[in-house]
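**Student:** give the three-dimensional model of this entry:
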Amino acid sequence: MNLLGLEIGGTKLQIVVGDGSAKIIDRRRLIIDRARRGGGIREQIREALAELIPEAKPSAIGVGFGGPVDWKTGVICRSHQIEGWAEFKLRDWLQTLSGLPVCVDNDANTATFGEALHGAGVGLNPVFYVTLGSGVGGGLVVDGQIYHGATPGEAEIGHVRLDREGTIVESRCSGWAVDAKIRQLQIVEPDSLLAKLTANTAGGQARYLAPALQKGDAAAARILAETAGDLAFGLSQVVHLFHPEIIVLGGGLSLVGEPLRAAVEGALRLFIMEAFAPGPQVRLASLGEDAVPVGALELAKIR
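**Tutor:** Here you go, the predicted model:
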């Protein structure tokens with residue numbers, strides 16, 4: 001039995017073929033052109049499915065979408081990064097296009113599902129996952145099932161406020177937020193190693209954080225501490241409400257690796273009540289970029 005899994009994000013589109021155990025056996029990874037809006041992404045999907053469906057002969061499709069979703073109907077509420085998705089009936093469109101049953105959920109929920117069943121969260125319960133990409137999303141899996149609250153039913157950790165003025169986790173901890181911090185660093189501390197490494201980059205400055213940290217750059221260490229502290233403060237609300245056994249860090253920013261994991265774990269302990277000490281385990285996502293596609297394959301199995 002073959003299945004299709006789709007990840008529709010703010011910067012990339014992944015379409016994978018997987019088997020009944022959610023093992024990926026083929027993949028298409030495409031870059032999203034934001035200027036083409038949702039219609040451009042749908043055209044990319046249409047072209048890829050026209051190639052993959054005759055070859056793979058899948059029995060169902062699962063989708064992880066980057067934004068709030070009515071998971072019961074497969075209708076997109078909106079995308080916070082890409083225009084042209086509001087109120088779009090994605091499930092119905094894909095079913096008409098493919099002739100297959102389709103299940104649609106938020107991408108962070110989907111990634112959490114993947115990590116809980118096949119990644120860093122295996123054997124632990126509940127599992128909370130936070131994805132640090134172009135935005136910040138979250139998901140909760142309890143007893144092997146995605147937790148959905150009232151529709152649209154996402155664990156929107158990215159929109160948890162850090163103060164009364166409206167600063168949210170996403171505005172401080174997303175990959176784009178870290179890019180902005182580094183661009184500001186280029187102005188105020190141009191002689192720092194991180195500023196020099198990113199001097200000629202047009203975007204994606206956060207990917208230079210890890211090499212700067214490895215070389216002991218003080219500015220990089222400060223940005224890491226600020227980002228980890230803000231993220232941990234937001235995650236402390238999750239701990240107090242849901243008491244996950246593990247928090248998994250995923251998304252592009254998690255590629256900073258162990259320095260980020262350790263910084264978040266250390267800061268989190270400062271923000272949770274003593275009765276919950278030492279708090280949940282904090283681990284890096286083990287599926288990497290496959291978290292959403294693998295979770296999408298699992299969605300396809302239950303459709």
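**Student:** can you map out the helices along the stretch 151-300 of the chain?
**Tutor:** 169-173, 175-188, 193-197, 209-214, 218-242, 258-271, 291-302 (DSSP state H, counting those that start in this stretch).
**Student:** for the stretch 1-150 of the chain, same thing?
**Tutor:** According to DSSP H, counting those that start in this stretch, the helices that the stretch 1-150 of the chain contains are 37-56, 90-98, 107-118.
**Student:** so what's the gap between the last one and the chain middle?
**Tutor:** How far helix 107-118 lies from its chain's middle: 9 Å, per CA atoms, centre = their mean, to the nearest Å.
**Student:** repeat for the longest one
**Tutor:** Between the centre of helix 37-56 and the centre of its host chain there is 22 Å, according to CA atoms, centre = their mean.
**Student:** and the spatially most central residue of the chain, bridged to which residues?
**Tutor:** By CA atoms, centre = their mean, the chain has its centre lying nearest to Thr131, at 3.3 Å. Thr131 has the following beta-bridge partners by DSSP bridges: Gly137, Gly250.
**Student:** do the one 10 residues further on as well
**Tutor:** The partner list for Val141 in beta bridges (DSSP bridges) reads Val127, Ile146.
**Student:** contacting residues around it?
**Tutor:** Thr112, Phe113, Ala116, Leu117, Gly121, Asn125, Pro126, Val127, Tyr129, Tyr147 (CB atoms under 8 Å, 6 or more residues apart in numbering). Backbone N, C-alpha and C define where each C-beta goes, glycine included.
**Student:** can you check Asn106 too?
**Tutor:** Contacts of Asn106 by CB under 8 Å, 6+ apart are Gly64, Phe65, Gly66, Gly67, Pro68, Val69, Trp71, Gly137, Gly139, Pro152, Gly153, Glu154.
**Student:** skipping adjacent residues, who's closest to the fourth one in space?
**Tutor:** Excluding its sequence neighbours, the residue lying closest to Gly67 (CB to CB, 6 or more residues apart in numbering) is Ser79, at 4.0 Å.
**Student:** okay, the helices of the stretch 1-150 of the chain, which one's buried deepest?
**Tutor:** helix 107-118 (a mean of 30; mean count of other CB atoms under 10 Å).
**Student:** so what does that helix touch, helix or strand wise?
**Tutor:** Applying 3 or more CB pairs under 8 Å, 6 or more residues apart in numbering; DSSP states H and E, we find helix 107-118 packed against strand 3-8, strand 61-65, strand 127-132, strand 136-142, strand 145-146, strand 246-250, helix 291-302.
**Student:** hmm, try it at 6 Å
**Tutor:** Judged by 3 or more CB pairs under 6 Å, 6 or more residues apart in numbering; DSSP states H and E, helix 107-118 is in contact with strand 61-65, strand 127-132, strand 136-142, helix 291-302.
**Student:** buried sites along the third one?
**Tutor:** Using 16 or more other CB atoms under 10 Å as the burial criterion, the residues of strand 136-142 that qualify are Val136, Gly137, Gly138, Gly139, Leu140, Val141.
**Student:** picking up where we left off before, with mean pLDDT and distance to Leu194 added, can I get the helices of the stretch 1-150 of the chain in CSV?
**Tutor:** What follows is the helices of the stretch 1-150 of the chain, written out as CSV (pLDDT from 0 to 100; distance: least, CB to CB, whole Å):
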stretch, mean pLDDT, distance to Leu194
helix 37-56, 93, 33
helix 90-98, 96, 39
helix 107-118, 95, 28
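**Student:** take those helices and lay them out in JSON lines including distance to Ile182.
**Tutor:** Shown next, in JSON lines, are the helices of the stretch 1-150 of the chain (distance: least, CB to CB, whole Å):
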{"stretch": "helix 37-56", "distance to Ile182": "28"}
{"stretch": "helix 90-98", "distance to Ile182": "34"}
{"stretch": "helix 107-118", "distance to Ile182": "24"}
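**Student:** out of those helices, flag the one nearest Ala263.
**Tutor:** Closest approach to Ala263 among these is made by helix 107-118 (20.1 Å; CB to CB).
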